[in-house]
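Novice: Quick one: sequence and predicted model below, then my questions.
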Amino acid sequence: MLWFVWLVIAGIVVVGILLVVRRARPPAAPKQSPLLERTVFDLQLGDIVQYFETDWVVEGWLTYRQDGFSWCKYLLQDGERIRWLSVEEDDVVRVAWLAPTKALSFEREP
């Protein structure tokens with residue numbers, strides 16, 4: 001009977017040590033997926049586009065579809081500045097860097 005009491009005490013001590021060691025160990029870092037290389041065809045929100053040594057953050061995008069063709073325009077932002085990155089693939093790939101302007105005027109013809 002005495003050996004049983006010692007066995008229970010030893011078990012409690014072992015479990016206690018395991019709990020202390022587990023709590024003292026930092027949690028395992030979550031597994032990171034491999035870095036995916038993006039292209040202008042599959043940018044996602046939060047991606048960084050570097051253009052002339054400036055980092056632009058993808059804040060949104062528009063996808064246009066017409067007659068079986070589709071093309072995208074990505075909204076990019078660097079602080080207060082915004083630009084649009086237009087990507088179109090037909091027979092060739094066309095990439096355009098667009099800046100908003102207020103310098104246009106429209107006049108009505110009489």
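Specialist: Good, I have the coordinates.

Novice: From here on, just use CA atoms for contacts and neighbour counts.
Specialist: Will do.

Novice: contact partners of stretch 40-47?
Specialist: Stretch 40-47 is contacted by residues Val57, Val58, Glu59, Gly60, Cys72, Val87 when judged by CA atoms under 8 Å, 6 or more residues apart in numbering.

Novice: Okay, and Asp91 sits in which element?
Specialist: Element membership of Asp91, judged by DSSP states H and E, is empty: it is in no helix or strand.

Novice: Okay, and the spatially most central residue of the chain sits in which element?
Specialist: What sits nearest the mean C-alpha location of the chain, by CA atoms, centre = their mean, is Gly46, with 4.7 Å. Using DSSP H and E, Gly46 sits in no helix or strand.

Novice: just checking, next helix/strand downstream of the top strand by length along the chain?
Specialist: Ranked by residue count and defined by DSSP state E, the top strand of the chain is strand 54-66. Downstream of strand 54-66, the first helix or strand assigned by DSSP H and E is strand 69-78.

Novice: List the buried residues of that following strand.
Specialist: Trp71, Cys72, Lys73, Tyr74, Leu75, Leu76, Gln77 (16 or more other CA atoms under 10 Å).

Novice: Spatially nearest residue to the third one, not counting backbone neighbours?
Specialist: When you say that, I think you mean Lys73. Ser86 (4.3 Å; CA to CA, 6 or more residues apart in numbering).

Novice: So which elements touch the helix or strand that neighbour falls within?
Specialist: Element membership of Ser86, judged by DSSP H and E, is strand 81-89. Applying 3 or more CA pairs under 8 Å, 6 or more residues apart in numbering; DSSP states H and E, we find strand 81-89 packed against strand 69-78, strand 93-98.

Novice: and the residue nearest to Lys73, what is it in contact with?
Specialist: Trp71, Cys72, Lys73, Tyr74, Arg94, Val95, Ala96, Trp97, Leu98.

Novice: ok, now how distant is it from Arg65?
Specialist: Per CA to CA, to the nearest Å, Ser86 is found 14 Å from Arg65.

Novice: Identify the contacts common to these two.
Specialist: Common contacts of Ser86 and Arg65, defined by CA under 8 Å, 6+ apart, comprise Trp71.
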